[in-house]
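Novice: Model the structure of this input:
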Amino acid sequence: MVATISRDELKAKFDRGEKFLLVETLSKTAYAHAHLPGAINLPPDQVAELAPQILPAKDADIVVYCASFT
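Specialist: Numbering: from 1, shown residues only. Take a look at the predicted model:
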């Protein structure tokens, strides 16, 4: 199942100490500049290549953060 959560809901997950994988889909440069604590980087142009290697089982709790610069 895919669901959208708010920043407040993500913060609550952190605050409760929930176990989840946080993935940021940022360019390598943007990730090196700043990223959320504990996040792993999965650059948008490398999703197909890297996702099978770094993401756990499909039933894992994974939160994907996509930055927007609009």
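Novice: Check what pLDDT the residue nearest the centre of the chain gets.
Specialist: Geometric centre of the chain, nearest residue: residue 23, 1.9 Å, by Cα atoms, centre = their mean. pLDDT, the model's per-residue confidence, is 93 for residue 23.
Novice: repeat for residue 59
Specialist: Predicted confidence (pLDDT) for residue 59: 83.
Novice: From residue 27, how far off is it?
Specialist: For residue 59, the distance to residue 27 (Cβ to Cβ, to the nearest Å) stands at 29 Å. For every residue, glycine as well, the C-beta is placed using N, CA and C.
Novice: What of residue 13?
Specialist: On the measure of Cβ to Cβ, residue 13 and residue 27 end up 25 Å apart.
Novice: With residue 38 instead?
Specialist: Residue 38 sits 19 Å away from residue 27, going by Cβ to Cβ.
Novice: So between the two, which is more surrounded?
Specialist: Counted by other Cβ atoms under 10 Å, residue 38 and residue 27 do not tie: residue 27 has more neighbours, with 14 against 9.
Novice: List the residues that contact the nearest residue to that one once chain neighbours are set aside.
Specialist: Among residues not flanking residue 27 along the chain, residue 43 sits closest, at 5.6 Å (Cβ to Cβ, 6 or more residues apart in numbering). By Cβ atoms under 8 Å, 6 or more residues apart in numbering, residue 43 lies in contact with 25, 26, 27, 28, 31, 50.
Novice: are any of the residues you listed buried, and which?
Specialist: Buried members of the contacts of residue 43, scored by 16 or more other Cβ atoms under 10 Å, are 25, 26, 31.
Novice: With secondary structure and distance to residue 64 added, can I get those residues in TSV?
Specialist: Formatted as TSV, those follow (DSSP: H, G, I helix; E, B strand; the rest coil; distance: Cβ to Cβ, whole Å):
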residue	secondary structure	distance to residue 64
25	coil	6
26	coil	11
31	helix	13
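Novice: Residue 63: which of these is nearest?
Specialist: residue 25 (11.3 Å; Cβ to Cβ).
Novice: Perfect, I'm done here.
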